[in-house]
Each structure stands twice: as structure tokens, then as C-alpha cells.
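Participant: Build me a model from this:
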Amino acid sequence: MTLSASIIVALLSPVAVAGNVLVLAAVWRNSSVRTPSYILLAGPAFTDFSTGLITQPVYVAAKLVWLKILEGGKYLNIVMEAMTNGCAVLFNSTSLLMITLMTIERWLQMTRRSLVTERRAFIMIAVMLLLPIPLAVYRVLWELIYLHLIFVSFRFCCCAFLSLLWLTLKFSE
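Facilitator: Predicted coordinates:
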């Protein structure tokens with residue numbers, strides 16, 4: 001199942017990148033569609049573009065290393081899994097925040113209380129892109145620590161035990 005999922009993701013990744021580049025280029029180049037609604041629509045297009053460009057290729061590479069199709073060690077696989085999960089958390093959280101923001105903007109537009117301008121839309125997108133970064137960093141560190149914890153904790157326990165043993169022998173003389 002993992003190989004077939006990797007193949008499907010590898011095939012769909014360029015499609016996601018190309019499609020979202022077209023949306024971003026349309027909003028960027030055409031000033032008539034540079035309204036707050038379309039600028040906010042470019043936010044999820046950017047996160048989907050980033051997912052297709054970063055997360056999906058790293059996911060495929062991690063699964064191929066895990067299946068031993070690509071050369072790499074266990075630690076490379078751990079790092080790639082952590083990167084995949086961190087990027088997924090970052091881009092999924094950003095997409096969710098952007099969709100929520102778009103919903104609020106549409107509601108304000110329908111009730112004729114819209115305060116969103118082009119400049120404010122760009123600022124809101126920037127804030128929504130930066131907001132989930134601590135969550136993504138936490139996820140990467142948690143993955144690296146949790147997956148590496150077995151090895152580190154065993155080494156730490158051995159060193160601590162030997163140090164305590166040495167201290168007890170040293171001071172018991």
C-alpha cells in the first residue's frame with residue numbers, strides 16, 4: 001500500500017504545483033482580480049503549492065527510503081518523516097486558518113460590513129502563514145525526540161548509572 005500511495009503522490013505532486021502556480025500567477029499578474037476575495041483565495045493556493053513542492057516529494061522519498069528502494073539509513077528516514085509531518089502540520093493548519101478567514105470575509109461582505117482591503121488581505125495572509133510555525137516546529141521536534149528517545153534515553157541511563165556508580169565508589173572510600 002505504501003508503494004502505491006507513494007506512486008500516486010509522486011504523480012499528483014507536479015499537478016498540484018502547476019495548478020496552484022497558475023492560480024497565483026493569475027492573481028499576481030491581473031490587477032482586475034486583485035480584490036481582497038481573490039487575494040485571500042491565493043492564500044490556500046500558496047499553501048497547496050508548498051505542499052506539492054515540499055511535503056509530497058519528501059513524503060515520497062521517506063516512504064521509498066523506508067521501503068529500502070532508495071539508499072539511506074534509519075536516521076535519514078526519521079528526519080524525513082519528521083520533516084514530512086512538520087510541513088504537513090504547517091500547511092494544513094495554514095489552509096484551515098485561510099479557509100476560516102475567507103469564510104469570515106465572505107460573511108462580512110454579505111452583511112455589508114467588510115473591512116478587508118487589498119493591503120489588509122496581504123497582511124492577514126502573512127499572519128496566517130506565520131501563525132502555525134511554532135506548532136510545526138513543535139511537531140518536528142516532538143517527532144525527532146520521540147523517535148530518537150529510545151536511543152538517547154538508553155545512552156543517558158547508562159551514562160547516569162555509570163556516573164552514579166563511580167561517585168558512590170569514589171565517596172565511599
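Participant: tell me the pLDDT at Thr84?
Facilitator: Thr84 carries a pLDDT value of 84.
Participant: Sketch out the low-pLDDT regions of the protein for me.
Facilitator: 1, 69-74, 147-173 (pLDDT under 70).
Participant: Which strand or helix spans the residue nearest the centre of it?
Facilitator: Closest residue to the average C-alpha location of the chain: Cys87 at 1.5 Å, with CA atoms, centre = their mean. Using DSSP states H and E, Cys87 sits in helix 74-110.
Participant: Next: Val116.
Facilitator: Per DSSP H and E, there is no helix or strand for Val116.
Participant: go on, the one 10 residues further on?
Facilitator: When elements are defined using DSSP H and E, Ala126 is found to belong to helix 118-130.
Participant: Going by neighbour count, list what's buried in that helix.
Facilitator: Using 16 or more other CB atoms under 10 Å as the test for burial, helix 118-130 gives 121-122, 124-125, 128-129. The way it works is simple: take the backbone N, C-alpha and C, and place the C-beta from them, glycine included.
Participant: Between those residues, which sits nearest Val60?
Facilitator: Nearest to Val60 among these, counting by CB to CB, is Leu129 at 24.2 Å.
Participant: so that closest one sits right up against Ser93, yeah?
Facilitator: No: the pair formed by Leu129 and Ser93 falls short of the contact definition of CB atoms under 8 Å, at 10.1 Å.
Participant: what angle sits between the helix holding Cys87 and helix 118-130?
Facilitator: Counting by axes from the mean of the first three to the mean of the last three CA atoms, to 10 degrees, helix 74-110 lies at 150 degrees to helix 118-130.
Participant: about what we covered before: what's the helix holding Ala126 packed up against?
Facilitator: Helix 118-130 sits against helix 36-50, helix 74-110, with contacts defined as 3 or more CB pairs under 8 Å, 6 or more residues apart in numbering; DSSP states H and E.
Participant: tell me what the shortest one is packed against?
Facilitator: If I follow you right, that is helix 36-50. helix 2-29, helix 74-110, helix 118-130.
Participant: Tell me how far it lies from the chain's centre.
Facilitator: 16 Å (CA atoms, centre = their mean, to the nearest Å).
Participant: again with stretch 25-45
Facilitator: Worked out by CA atoms, centre = their mean, stretch 25-45 lies 23 Å from the chain centre.
Participant: Please list all residues in contact with the residue nearest to the centre of the chain.
Facilitator: 50-51, 54-55, 58, 136 (CB atoms under 8 Å, 6 or more residues apart in numbering).
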